[in-house]
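In: Turn this into a model:
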Amino acid sequence: MSIELNCDLGESFGAYKIGNDEELIKYVDRVNIACGFHAGDPIVMDKTVSLAKEYNVKVGAHPSYRDLVGFGRRFLDASTKEIENDIIYQIGALHAFCLKHSIPLDHVKPHGALYNRAAVDFDTAMAIARGIKAFDRNLKMVVLCNSEMVRAAEMVGLKYLQEAFADRHYDDDGKLVSRKYSGAVIGDLNIILTRVKRMINDGVVESINGKEVKLNPDTICVHGDNEKALEITKNLNLLMKEK
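Out: Prediction:
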């Protein structure tokens, strides 16, 4: 199976613009659209879904903790029931715009701190998986390679896509290095292309400490808020076509 390219989009809010959605969407296979809890608003969601339809790109919900001020990158001590219902709520919000534009909702990918917690905490991962299944058992769950999210998706019977990151460093256990640490986000295009080639050809990525970590991604993500996102995405798109 060919490996897809995905991007987190729709992360502007009100008067604040983040990312270059109109250009990035031309070079990816699927997009993960913010649902209002960490970014995005009804106008932004409407516009981003419309763009996805225009460019025939698969649409996914990108739900998060309720952390608009912190862009969803702060851990919140939410109960599993809160997480499950917040997932349903946010999927429902984006699904409404998919109905408006007559485009199917394809997948769900948690955002930020919620994603990182679910990668290592099975109860959080299960709460997300239950929320997705409650809304629509046919939705795919986008999960970090080799994480607790994989186990949760399998446990509840969801189809899933294992994800790797082009522009993020990994630790020795295959988890993403926290953005709190310098160097967590990679901006050098040559390094990114080299890393993605190894992901595709060898099924490994080099950790921040130089250790080879095994992974088998179905989709590779570029963050829309990376200042070099467009350059990175264009080049990865060409790389994927070569494969």
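In: Only C-alpha atoms from now on, for both contacts and neighbour counts.
Out: Noted.
In: Show the average pLDDT along the top helix by length along the chain.
Out: Longest helix of the chain, by residue count under DSSP state H: helix 80-100. Averaging pLDDT along helix 80-100 gives 98.
In: send the alpha carbons of the next helix-or-strand element following it over as CSV?
Out: Per DSSP states H and E, helix 80-100 leads on to strand 105-108 as the next helix or strand towards the C-terminus. Only the C-alpha atoms of strand 105-108 are listed here, as CSV (Å, rounded to 0.1, in the frame of the first residue of the first chain):
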residue,chain,number,x,y,z
LEU,A,105,-15.8,12.5,6.9
ASP,A,106,-13.0,9.9,6.7
HIS,A,107,-11.0,9.8,9.8
VAL,A,108,-10.2,11.3,13.3
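In: continuing past strand 105-108, what's the next helix or strand?
Out: On the C-terminal side of strand 105-108, the closest following helix or strand by DSSP H and E is helix 112-120.
In: what's the offset of that next one from the middle of its chain?
Out: 11 Å (CA atoms, centre = their mean, to the nearest Å).
In: which strands and helices sit next to it?
Out: helix 122-135, helix 148-156 (3 or more CA pairs under 8 Å, 6 or more residues apart in numbering; DSSP states H and E).
In: re earlier: and the contacts of the longest helix of the chain?
Out: With contact meaning CA atoms under 8 Å, 6 or more residues apart in numbering, helix 80-100 is reached by 33, 35-37, 45-46, 49, 61, 63-65, 104-105, 108, 123-124, 127-132, 134-135.
In: which of the residues in that helix are buried?
Out: 80, 83-91, 93-95, 97-98 (16 or more other CA atoms under 10 Å).
In: ok, of those residues, which one's closest to Glu242?
Out: Glu242 has its nearest neighbour among the buried residues of helix 80-100 in Cys98, at 31.7 Å by CA to CA.
In: Thank you kindly, that will do.
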